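Undergrad: Kindly return the folded structure for what I paste below:
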Amino acid sequence: MKKITMMLLAVCLAFGLTACGNKDQETKGNQTAGSDAQTTAAESGSGEKGTFTVGFDADFPPFGYMDENGDYVGFDLDLAAECASRMGKELVLKPINWDAKDMELSSGSIDCIWNGFTMNGREADYAFTKSYMDNSQVVVIKKDSGITSLADLAGKTVLVQTDSSAQAALLDEENEEMKTLVASFKGLETIADYNTAMMELESGAVDAVGMDIFVAKYQIEGKEDIYEILDDHISTEQYGVGFYKANTALKDEVEGILMEMADDGTFAEISDKWFGLDVCTLK
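TA: Purely as a prediction, here's the structure:
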């Protein structure tokens, strides 16, 4: 009896070890599959075939922002919505921290960055569509400030959004004119969003704010008796839709749809709604 019991125990142990080994192998296999899935998601988008997930800065009017009703609206978001419709996909709008945009894109949590995204200087880092509009970096000041040109910013405090095109243009090491200009400032400071930046300008905490020209026009609309945009521009740039570097298939699909929208007049209609003119540069 004892011998039979020992034999049964040995059999049970053998099956138990085998089961354990299979479970370990299965777990390891799942971990590997998860890692591969993450890489695939980054290369092909969110991985959800029925959705098109757009990452954007929710404090960047008129390109993408939250309106008084709590809805996400904007020029770029309207373009994205039309694009998603023509792709037969559900549009998913995902507000992101602009500083974390690369992580969001590489992890596959968003399919693209579509929000007044400057291509210049970033061409090697993303798969960009063709430029769909031109944009310049300008400076907004108070009308009673006595500032009439970039040279008048000497001894002044200038504010820009963190990781923005205005910041990049002012800190361009290859641009001697900009280096000299920034060296003349009392200080060059950064802030998270332009709505807060304008509050800082209004309070007198800073003397000027550098930003995209269309954002500047939106910010001072109806307040032209208080603010103005300097005629001198910091730089000129182009906007495109940015994708993960290896995700050229989705980039090509979106670019093709944008070209269709430019040809059939839909782009112009959306542009006129937001800017009162056609800003499309697609050929």
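
Undergrad: Which stretches in the stretch 151-283 of the chain count as helices?
TA: Taking DSSP state H, counting those that start in this stretch as the test, the helices found in the stretch 151-283 of the chain are 165-170, 176-184, 194-203, 213-220, 248-264, 266-275.

Undergrad: a markdown table for those helices, including mean pLDDT?
TA: Below are the helices of the stretch 151-283 of the chain laid out as a markdown table (pLDDT from 0 to 100):
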| stretch | mean pLDDT |
| --- | --- |
| helix 165-170 | 94 |
| helix 176-184 | 97 |
| helix 194-203 | 96 |
| helix 213-220 | 93 |
| helix 248-264 | 98 |
| helix 266-275 | 97 |
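
Undergrad: quick one, which of those is packed in tightest?
TA: Stretch with highest mean neighbour count among the helices of the stretch 151-283 of the chain: helix 165-170 (a mean of 22; mean count of other Cβ atoms under 10 Å). For every residue, glycine as well, the C-beta is placed using N, CA and C.

Undergrad: Switch the helices of the stretch 151-283 of the chain over to CSV; also include distance to Met133.
TA: Listed next are the helices of the stretch 151-283 of the chain as CSV, based on distance: least, Cβ to Cβ, whole Å:
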stretch, distance to Met133
helix 165-170, 13
helix 176-184, 23
helix 194-203, 18
helix 213-220, 8
helix 248-264, 11
helix 266-275, 8
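
Undergrad: among the ones you listed, which is nearest Gly116?
TA: Gly116 lies closest, by Cβ to Cβ, to one member of these: helix 213-220, at 7.1 Å.

Undergrad: Which residue lies nearest the spatial centre of this protein?
TA: Ile113 (4.2 Å; Cα atoms, centre = their mean).

Undergrad: so who does that residue touch?
TA: Under the criterion of Cβ atoms under 8 Å, 6 or more residues apart in numbering, the neighbours of Ile113 are Val54, Gly55, Phe56, Ile96, Lys101, Leu105, Tyr126, Val241, Gly242, Phe243.

Undergrad: quick check, nearest of those to Asp144?
TA: Phe56 (34.5 Å).

Undergrad: What separation is there between that closest one and Asn115?
TA: 4 Å (Cβ to Cβ, to the nearest Å).

Undergrad: quick one: common contacting residues for these two?
TA: Phe63, Gly64, Gly74, Asp76.

Undergrad: Quick check: the gap between Thr157 and Cys83.
TA: 40 Å.

Undergrad: cool, Pro61 as well?
TA: Distance from Pro61 to Cys83, by Cβ to Cβ: 20 Å.
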